[in-house]
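**Q** Everything below, folded, please.
(chains A and B)
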2 protein chains.
Amino acid sequence: MSEKKQIYKPRPISGFPEWLPEIRAVEQTWLDKIRAVYERYGYCSIETPAVEELEVIAAKGEDVDKEIYVLERLQADPDEKKDARLALHFDQTVPLARYVAQNFNDLTFPFKRYQMQKVWRGERPQVGRMREFYQCDIDVINVDHLPLHFDAEVAAVCYEALASLGIGRVQLRISNRKILGGLIQGLELENLTEITRIIDKYEKIGKNETVNLMQLQDITNGQIQSLMDFVQTKNIQDLSASNALMEEGIEELSFVLDQLAHLPEGAVVADLSIVRGLDYYTGTVYETQLFGDDNEPLFTGSVCSGGRYDDLAGNYINKHLPGVGISIGFTRLFDVLRQSGKITPGPKSPAKVLVVLPEEDQRAAMNEVARTLRENGINTETAHGGKLKKQIAYAEKKGIPYIWFPADAQVKDMATGEQTDADPNDWKPADA
Amino acid sequence: MSEKKQIYKPRPISGFPEWLPEIRAVEQTWLDKIRAVYERYGYCSIETPAVEELEVIAAKGEDVDKEIYVLERLQADPDEKKDARLALHFDQTVPLARYVAQNFNDLTFPFKRYQMQKVWRGERPQVGRMREFYQCDIDVINVDHLPLHFDAEVAAVCYEALASLGIGRVQLRISNRKILGGLIQGLELENLTEITRIIDKYEKIGKNETVNLMQLQDITNGQIQSLMDFVQTKNIQDLSASNALMEEGIEELSFVLDQLAHLPEGAVVADLSIVRGLDYYTGTVYETQLFGDDNEPLFTGSVCSGGRYDDLAGNYINKHLPGVGISIGFTRLFDVLRQSGKITPGPKSPAKVLVVLPEEDQRAAMNEVARTLRENGINTETAHGGKLKKQIAYAEKKGIPYIWFPADAQVKDMATGEQTDADPNDWKPADA
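**A** Numbers count the residues shown, from 1 in each chain, chains lettered A, B, ... in the order given. So this is what the prediction gives:
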């Protein structure tokens, strides 16, 4: 290495997180747990390309333009025919809608799918905002009519997925957009959009500010009282329906809550202040909070949100495809907990055992032991030579919990220091 | 749905493959199997962002420009400070080099990592060429010196990973670049580059054409004879080293083969015609072929290739980091086998059981059975109502192998038609 080389020192790329192996090990375990719960309920995996045609993304008509990354070839082949412009997907809902439209005849409905991929948004990076992050989504799509029990199912899946991570108490907050819609209809108010936006902020801004904002609308004190009573209603039995739409919403919400009654107390609550984005959701809506041991939220905002929508893929296919879905904003959750020290790093190696090589003439024995352990499903590293002390230090640094001495047929538990006779044919680590 | 909507019919995007759920199920199983083998040998997972700074990619100096996708924001925020130009990674070696350089002080060496991500190349799409595809890589990196036994280890991992897929007989072909280097040195030839390129084509073009190409070089018939004898040598014991470099290569190759002697006969062979790309590899080189039942190759070219390199990250850090690695070109392999009908589609649902709902009053019983099965780790769907016949048809279409009748406490095996009494607390599917 005597020649002088030109070195380009790489910089971290803002908004594109990347973890050391011991953090990645935890991330992978969490993703595996979420996947296992999704599959436990019969959701199938799909993956869509990182890109969509720009026209497909634009067809949704939402104002996401500023966040979209478009691909350009560094040097396009001039002979090549011009391809459609491609953009990185910014969520998994547009890709799902496109996928369902494109594969409509090959899918079996109700179509229950999960999707755990990275998505990209060219946002200005800030705490909790990333440009590349995992989302873990489930959705159920059906043709023409989707039974209401799926609204309860996706909530149960979301609860169980988050609970499986063992990071805190999970609370799902559920409402139904038809209730507020019916109430506003009953009050003969015409500014549904504005009122819904105000109520969406209620938890953040509090009661007084909510009332202040409502007073700026063309609305009587009596109407404000009715809306505030509604928002603060904790028990849906206390609601009286003033029209058919509201009644339908109350019935749907009651059914969904009833189907979730088996979950621990407080796991699911009705919260009529949950309204979510306006144009998309038409029935059940969900938000989720995580609480630490001190009963304080671990996370500002909702870690898992979603709802029911009337028509998934109407932009791409002339079919009526209602659905219900929920999405865990995985990387945001993971990174917030990581930054607040709530994640214990995992091992740097997936190996349970390091088979050491105190002398070169034990190489065949070392390989033989390692092969046997691996055949029995035990993740095993072999030493790469050097002094025994250094080999043991390597196991310690990598978090490998057992050391195997092939010549002595002994295994040492690094945590307890205990060293015992062992046969690789029938040995298991303590946690297996 | 009476209003007329504008519909944009999405087109498949050439070179960006996407699978139906029953194919994705197989892909996922294969990826899981490869991952399990990688972890069995103690390789840790890392993931790097989809993008690298363009300068990082350019630092490698290779002619890949035409294939690189650069990101552009559709509407950049004019107030925002200009970010570095970002490009999608086209392999996992550049990201690994950058990752090791950037995290050098936080990694434990030898650093053994696997990486199974999608990479992007703006190639002209054609059979077996894609613009987005999975690669499954393992590499071992060390500081200053990397013991030779890792050259055997990565070969064993690659063999085992491919064998675990059960798609055909796996044959690794191994050589060592030092042998040809030494031979050419001994023959006092100066056109190492040209001769290596010719030999790299040997398997494709055959003996006569190889000789023809060599005759165009400034090279005697005796020298051609020596080179052809070398390329056709099947047993490395037949080689006699004419100098120290060649001897070193022969010794290294013998050691690696010896360490792999436990694998089935024919699993690993020395093949001196394997030379791989010129500038990168410095020692052991690998290619891999897959053979079907008829002993014909299932795949043109190598499904898993790699080798040893002297210096991984010299462009980014002033450290000497030798490594050895191997990469499975996953999506290409998968798609070739899929297109030739060698992949049996999996089920459309991961569920093992559908609990049916013959009458609405069995809903509580259905939910209870499903909960119990799921608590016992059995993937379970519940029926979404409608006629029993349709519910059973749904299970058949989705490939769900068992149907549970909650009121009768009976389970039906869809394959055999057998219906038996069962208790959800201690029931397991036959393949569990």
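**Q** Contacts only, for the closest residue to chain B within the stretch 201-350 of chain A.
**A** As assessed by CB to the nearest CB, chain B sits closest to A:Pro350 within the stretch 201-350 of chain A, at 4.1 Å. C-beta: built from backbone N, CA, C; applies to glycine. Neighbour list for A:Pro350: A:25, A:379, B:39, B:42-45 [criterion: CB atoms under 8 Å, 6 or more residues apart in numbering or on different chains].
**Q** And those, which is closest to A:Phe16?
**A** Using CB to CB, B:Ser45 comes nearest to A:Phe16 of those, at 17.5 Å.
**Q** Tell me which stretches of the stretch 101-250 of chain A form strands.
**A** A:111-120, A:132-141, A:169-176 (DSSP state E, counting those that start in this stretch).
**Q** Chain B: which of these is closest?
**A** Closest of those to chain B is strand A:132-141, at 5.5 Å (criterion: CB to the nearest CB).
**Q** Next, the angle from the closest one to strand A:111-120.
**A** Counting by axes from the mean of the first three to the mean of the last three CA atoms, to 10 degrees, strand A:132-141 lies at 160 degrees to strand A:111-120.
**Q** Quick one: list the elements packing against strand A:132-141.
**A** Applying 3 or more CB pairs under 8 Å, 6 or more residues apart in numbering or on different chains; DSSP states H and E, we find strand A:132-141 packed against helix A:21-40, helix A:93-102, strand A:111-120, helix A:149-164, strand A:323-328, helix A:330-339.
**Q** and A:Tyr286, that's in a helix?
**A** No - A:Tyr286: not assigned to a helix; according to DSSP: H, G, I helix; E, B strand; the rest coil it is strand.
**Q** ok now do it, which residues does it touch?
**A** By CB under 8 Å, 6+ apart, the neighbours of A:Tyr286 are A:154-155, A:158, A:172-174, A:274, A:304-307, A:326.
**Q** ok, of the residues you listed, which one's closest to A:Glu67?
**A** Proximity of these to A:Glu67 (CB to CB) peaks at A:Ser305, which lies at 18.1 Å.
**Q** The closest one pairs with what?
**A** Under DSSP bridges, the beta-bridge partners of A:Ser305 are A:Ser327.
**Q** Kindly report the same for the one 4 residues further on.
**A** As for beta bridges, A:Tyr309 partners with A:Tyr281, A:Gly323 under DSSP bridges.
**Q** pLDDT score assigned to it?
**A** At A:Tyr309, the model reports a pLDDT of 94.
**Q** shouldn't it be in contact with A:Thr284?
**A** No - using CB atoms under 8 Å, A:Tyr309 is not in contact with A:Thr284, being 10.0 Å away.
**Q** Is A:Gly306 in contact with A:Ile326, as I believe?
**A** Yes - with contact defined as CB under 8 Å, A:Gly306 counts as touching A:Ile326 (3.4 Å).
**Q** what residues do these two have in common as contacts?
**A** With contacts defined as CB under 8 Å, 6+ apart, the residues shared by A:Gly306 and A:Ile326 are A:154, A:158, A:286.
**Q** could those go into a markdown table alongside pLDDT and distance to A:Gly122?
**A** As requested, the shared contacts of A:Gly306 and A:Ile326 are exported to a markdown table (pLDDT from 0 to 100; distance: CB to CB, whole Å):
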| residue | pLDDT | distance to A:Gly122 |
| --- | --- | --- |
| A:Val154 | 98 | 29 |
| A:Cys158 | 96 | 28 |
| A:Tyr286 | 95 | 27 |
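**Q** now, among the residues you listed, which is nearest to B:Thr196?
**A** A:Cys158 (56.9 Å).
**Q** neighbours around A:Leu88, how many?
**A** 26 (other CB atoms under 10 Å in any protein chain shown).
**Q** Run through the bridge partners of it.
**A** Per DSSP bridges, the residues bridged to A:Leu88 are A:Val51.
**Q** Check it and give its pLDDT.
**A** In this model, A:Leu88 carries a pLDDT of 96.
**Q** for the one 10 residues further on, same thing?
**A** Looking at A:Arg98, its pLDDT stands at 96.
**Q** Would you agree it is in contact with A:Pro49?
**A** No - between A:Arg98 and A:Pro49 there is no contact under CB under 8 Å: 10.1 Å.
**Q** got a list of what A:Asn191 touches?
**A** A:217-219.
**Q** just those residues now: which is nearest A:Asn318?
**A** Once CB to CB is applied, the member of the contacts of A:Asn191 that ends up nearest A:Asn318 is A:Gln217, at 38.2 Å.
**Q** Isn't the closest one up against A:Thr196?
**A** No - at 11.5 Å, A:Gln217 does not count as touching A:Thr196 under the criterion of CB under 8 Å.
**Q** Can you tell me the number of residues neighbouring the closest residue in space to A:Asp144 that isn't next to it in sequence?
**A** Nearest non-adjacent residue to A:Asp144, counting by CB to CB, 6 or more residues apart in numbering or on different chains: A:His320, 5.3 Å away. By other CB under 10 Å, the residues close to A:His320 number 15.
**Q** Could you measure from A:His320 over to A:Asp311?
**A** Noted for A:His320: a distance of 6 Å to A:Asp311, by CB to CB, to the nearest Å.
**Q** which of A:Arg98 and A:Pro49 has more neighbours?
**A** A count of neighbours by other CB under 10 Å puts A:Arg98 above the other of A:Arg98 and A:Pro49, at 26 against 21.
**Q** now what about the strand or helix carrying A:Thr420, what contacts it?
**A** Secondary-structure assignment from DSSP states H and E places A:Thr420 in strand A:419-421. Defining contact as CB under 8 Å, 6+ apart, one finds that strand A:419-421 is touched by A:405, A:409-413.
**Q** if we go to 10 Å?
**A** Strand A:419-421 is contacted by residues A:403, A:405, A:408-413, A:427 when judged by CB atoms under 10 Å, 6 or more residues apart in numbering or on different chains.
**Q** Which member of those is positioned nearest A:Ala383?
**A** Distance to A:Ala383 across the contacts of strand A:419-421 (CB to CB) is lowest for A:Ile403, with 9.1 Å.
**Q** ok, now which ones touch A:Ser175?
**A** Applying CB under 10 Å, 6+ apart, the residues near A:Ser175 are A:199, A:236, A:249, A:253, A:256, A:269-276, A:281, A:283-287, A:307.
**Q** How much space separates it from A:Arg113?
**A** Per CB to CB, A:Ser175 is found 25 Å from A:Arg113.
**Q** Let me see the domain layout of chain A.
**A** Domain assignment for chain A by automatic domain parsing gives A:12-146+A:325-346, A:168-297, A:353-421.
**Q** Among those, which comes closest to B:Asp32?
**A** With CB to CB as the criterion, B:Asp32 lies closest to domain A:12-146+A:325-346 of the domains of chain A, at 9.8 Å.
**Q** now that closest one, how far from the chain's geometric center?
**A** 10 Å (CA atoms, centre = their mean, to the nearest Å).
**Q** how far does that domain stretch from start to finish?
**A** With CA to CA, to the nearest Å as the measure, the ends of domain A:12-146+A:325-346 fall 23 Å from one another.
**Q** So stretch A:159-170, near chain B or not?
**A** Yes - using CB under 10 Å from any CB of the partner chain, stretch A:159-170 comes into contact with chain B via A:Glu160.
**Q** List the buried residues of that stretch.
**A** Across stretch A:159-170, burial judged by 16 or more other CB atoms under 10 Å in any protein chain shown covers A:159-165, A:167-170.
**Q** Tell me the one of those residues nearest B:Lys9?
**A** Distances from B:Lys9 to those, taken by CB to CB, are shortest for A:Ala161, at 34.4 Å.
**Q** just checking, the closest one touches A:Asp137?
**A** No - shown here, A:Ala161 and A:Asp137 do not form a contact pair, counting by CB atoms under 10 Å, at 11.1 Å.
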